[in-house]
Structure formats: structure tokens, C-alpha cells
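A.B. asks: Sequence first, predicted coordinates after that:
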Amino acid sequence: MCLPDALFSFQRLIKNEKLLLVLAGRDKHAIYLERLSAMDVVIQRGNAIKTLNRNKVGDDVLFAYDEAKRMLIVYASAKVSPISVVRLVKGQF
């Protein structure tokens, strides 16, 4: 997923100058976690730490980051329960 094909869904600057970034493409949501200085290269290479298929989670997805638990929270109103999505992403940070 390249930047021109995607929209920013969520972004948060976290510890150690890392950027947590979620890009929404036509088919998927791509989650990136990288130093701010290297984010462009990671996106161009398509090295997301996790992708969520929009057919499974739906189009209306909300993201939040819990700094205390270092966990990305994903709320999807379609087909997948929010808890199962969170468990897929938890531990990546």
C-alpha cells in the first residue's frame, strides 16, 4: 500500500520517537510502527506490522491507542467482534 492510494486513519507519536500509523486503503487497513525518520521507506516497501482486511472488519473502523497498556484498540462495527481484533494487534508495540 503506497501513500497516494491510502488515507490516514490514525496516527500517534509514541515513545522512542516512533510513529504508530494506520493507513486505510481500498481493500485493507495497514498498521505501521516505525521511527518517524524511516516511516516513508517502510510505507513504500509495504512493510506493515499488521493488515486488516476491509471485507472482514468493514468500512467504519475506529482506532485508539492505550499508552498505559501499549495496545492499539480497533473497534469494527461489522462481522468481527472488537475483542478479537484487539487481540490480533495486542503485543506488537
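C.D. replies: Received the coordinates, thanks. These figures come from a predicted structure and were not determined experimentally. Numbers count the residues shown, from 1 in each chain.
A.B. asks: Nearest the middle, which residue of the protein would you pick?
C.D. replies: The centroid of the chain falls nearest to residue 31 when counting by Cα atoms, centre = their mean (2.7 Å).
A.B. asks: so it touches residue 47, yeah?
C.D. replies: No. If you go by Cβ atoms under 8 Å, residue 31 and residue 47 don't touch, sitting 10.9 Å apart. All C-beta atoms are positioned from the backbone trio N, CA, C, and that covers glycine.
A.B. asks: returning to that earlier point: pull up the per-residue confidence for the residue nearest to the residue nearest to the centre of the chain when sequence neighbours are not counted.
C.D. replies: Using Cβ to Cβ, 6 or more residues apart in numbering and skipping the chain neighbours, the partner closest in space to residue 31 is residue 50 (4.4 Å). At residue 50, the model reports a pLDDT of 91.
A.B. asks: right, and residue 50 touches residue 22 too?
C.D. replies: No. The criterion here is Cβ under 8 Å, and residue 50 misses it with residue 22 at 9.4 Å.
A.B. asks: list residues touching both of those two?
C.D. replies: 30-31 (Cβ atoms under 8 Å, 6 or more residues apart in numbering).
A.B. asks: Sketch out the low-pLDDT regions of this protein for me.
C.D. replies: Residue ranges of the chain with pLDDT under 70: 1-5, 78-93.
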